[in-house]
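Enquirer: mind looking at a prediction? Sequence and model below.
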Amino acid sequence: MRKVELRMNEKEKYEIIKELVDHNGNKNRASKKLSISRRQVDRLIIKYKEKGKSGFVHGNREQIPSKALDKSISEDIILLYTTKYQDWNFRHFKEFLIEKENIDVSYDFIYKHLTKQGILSPKARKKTKKEFAKKRLYEEKKINSSMSSETITSIVNHETALEDSHPRGEKPKFFGEIIEQDGSIHPWFGNIKSCLHLAIDKATSTIVGAYFDKEETLNGYYRVFHQILINYGIPYKFITDNRTVFNYMSLNPDKRTSEKDVLTQYGYACKQLGIELKTTSVSQAKGLIERTNGTFQGRLINELKLNGIANIDDANKYLNDIFVPSFNKNFAMDYKKFHSVFESSPSETEINYTLAVLTPRKIDNGNSIKFKNKYYQPYLDNKLKCFMPKTEVLVIEAFDKELLVTIDENVFELKELSRNEKFSKEFEVVTVIKERKKYIPPMAHPWKAASFKKQIEKAHTNHVYA
């Protein structure tokens with residue numbers, strides 16, 4: 001005969017009714033003890049006489065609820081997470097179950113079944129991680145209830161990592177008041193590391209610019225800068241890193257090249273647009289962008305993998321067309337509800353010549369300038385211009401890669417000097433099409449070589465970049 005197990009409230013009813021029947025007790029007293037009516041007491045007496053102890057077991061015991069989900073759904077969820085969506089945080093996993101797998105279950109359902117399998121979300125809080133670790137140590141019998149609480153705490157607790165500690169700070173009031181920037185070098189797709197250049201508005205947590213490049217480069221930050229200027233306008237202030245990529249200064253003075261001096265180049269562009277630039281080597285000073293990098297690493301890597309994206313071009317397209325809009329919708333506040341301090345966007349032409357790389361050079365004995373292992377000559381109105389050897393010039397590589405040069409307060413076009421003629425005048429008949437006159441922007445003060453040299457010295461001696 002199967003042993004009948006009663007729960008606490010069921011056992012209390014059974015014992016009171018048993019005592020009442022066995023000793024012909026007072027029914028009114030029993031109803032008071034159980035907080036039920038006299039009529040219900042009579043019903044319980046009948047149950048006891050007909051079924052005995054088993055009559056007090058609740059009728060729904062061991063019955064599957066009518067709204068319970070099929071067990072196969074939980075098995076499918078566990079299988080999907082351990083294979084296709086491994087290392088995704090549970091909230092992100094839930095979104096893709098609905099969107100891609102047509103499985104609509106609650107977050108609690110996912111959390112309960114995954115944690116039962118010993119799977120913890122990569123974004124779990126420190127307290128949850130400790131409780132999870134404590135439970136695991138109990139199961140592994142490395143700790144037990146006979147130990148003191150101090151001993152158990154010392155075994156379970158670990159030193160808090162710096163990246164897990166994010167001191168809270170106040171957000172600015174206006175949209176565009178502070179833009180935090182950073183580069184996150186990570187194996188975003190495949191095994192080769194690349195760098196995600198990211199910019200986020202501190203007031204609204206809106207991603208205002210994002211771009212993948214092979215390394216953390218000036219080109220990557222200029223691409224993000226370009227997105228900000230085109231889509232929003234000129235912000236008030238940038239906060240960014242003060243690492244080597246931004247503050248290049250070789251120990252050997254003979255090997256210092258200004259085109260690698262990223263921070264000075266970027267700061268010079270900021271100065272032309274009137275943007276304040278602050279640099280810091282303390283990650284907590286720009287905690288928002290640091291935490292956002294962690295969120296991108298937790299979500300974007302998995303989505304790129306899921307969509308089979310394995311190159312930078314496709315990754316940039318997915319990043320800006322799909323991921324960033326979705327991220328802003330889910331995590332950012334509506335920037336349109338905030339007062340904006342962005343100034344009007346400059347024209348495309350102004351942006352093109354502002355986001356430029358400026359590099360000092362000298363004219364050689366062949367009236368040429370060597371730049372990126374190629375030789376160029378200055379032209380004006382399609383006519384070659386000649387200058388004395390060792391004349392100091394400033395090569396300007398515009399955002400669209402157009403090359404110009406400033407010499408003696410004038411701007412000239414640079415044309416590449418080929419090693420061989422493109423056609424032979426003696427053996428080939430070629431119809432020469434007259435070149436259209438190329439637009440050359442007027443000379444501006446920031447393009448003066450003396451001004452740029454002064455900025456370089458100021459940047460590295462006084463650490464004032466913009």
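Expert: Noted; the coordinates are in hand. Numbering: from 1, shown residues only.
Enquirer: tell me the pLDDT of the closest residue to Pro441 other than its chain neighbours.
Expert: Of all residues beyond its chain neighbours, the one nearest Pro441 is Tyr353 (5.6 Å), with distances taken as C-beta to C-beta, 6 or more residues apart in numbering. All C-beta spots, glycine's among them, are computed from the backbone N, C-alpha and C. Per-residue pLDDT puts Tyr353 at 88.
Enquirer: likewise the one 5 residues further on?
Expert: Per-residue pLDDT puts Leu358 at 87.
Enquirer: number of residues surrounding it?
Expert: Leu358: 24 surrounding residues under other C-beta atoms under 10 Å.
Enquirer: next one: phi and psi at it?
Expert: Main-chain dihedrals, Leu358, degrees, to the nearest 10: phi -100, psi 130.
Enquirer: which residue ranges of this structure form strands?
Expert: 179-186, 194-201, 207-213, 237-241, 276-280, 357-362, 369-371, 374-380, 383-384, 392-397, 403-407, 410-416 (DSSP state E).
Enquirer: next, count neighbours for the residue nearest to Pro441.
Expert: Tyr353 has 23 neighbours, counted by other C-beta under 10 Å.
Enquirer: for Lys453, same thing?
Expert: As a burial measure, Lys453 scores 15 neighbours (other C-beta under 10 Å).
Enquirer: any stretches of the stretch 51-200 of the chain with poor pLDDT?
Expert: Where the stretch 51-200 of the chain drops to pLDDT under 70, the residues are 59, 62-71, 152, 154-169.
Enquirer: residue boundaries of the helices in it?
Expert: 71-83, 90-100, 107-116, 126-139, 149-156 (DSSP state H, counting those that start in this stretch).
Enquirer: among these, which is the most enclosed?
Expert: Of the helices of the stretch 51-200 of the chain, the one with the most neighbours on average (mean count of other C-beta atoms under 10 Å) is helix 90-100, at a mean of 16.
Enquirer: touching that helix from outside, list them.
Expert: 77, 80-81, 85, 88, 103-105, 107, 110-111, 114, 121, 123, 298-299, 302, 306 (C-beta atoms under 8 Å, 6 or more residues apart in numbering).
Enquirer: again, only using 7 Å
Expert: 81, 85, 103-104, 107, 110-111, 114, 121, 299 (C-beta atoms under 7 Å, 6 or more residues apart in numbering).
Enquirer: and stretch 178-185, by the same measure?
Expert: 172, 193, 195-202, 208, 216, 220-221, 224, 228, 235, 237-241, 286, 288-290, 293, 296-297.
Enquirer: mind giving me the PyMOL select for those residues, buried ones only?
Expert: PyMOL command restricting the contacts of stretch 178-185 to the buried ones, with burial defined by 16 or more other C-beta atoms under 10 Å:
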select buried, resi 172+195+196+197+198+199+200+201+202+208+216+220+221+224+228+235+237+238+239+240+241+286+288+289+290+293+296+297
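Enquirer: list the contacts of stretch 302-310.
Expert: 85, 87-88, 188-190, 315, 318, 323.
Enquirer: okay, how far is it across that stretch, tip to tip?
Expert: 12 Å (C-alpha to C-alpha, to the nearest Å).
Enquirer: about what we covered before: so which of the contacts of helix 90-100 comes closest to Ala30?
Expert: Tyr111 (43.5 Å; C-beta to C-beta).
Enquirer: dump the strands of the chain to CSV, plus distance to Arg7.
Expert: Shown next, in CSV, are the strands of the chain (distance: least, C-beta to C-beta, whole Å):
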stretch, distance to Arg7
strand 179-186, 52
strand 194-201, 53
strand 207-213, 53
strand 237-241, 60
strand 276-280, 60
strand 357-362, 76
strand 369-371, 84
strand 374-380, 85
strand 383-384, 99
strand 392-397, 79
strand 403-407, 84
strand 410-416, 88
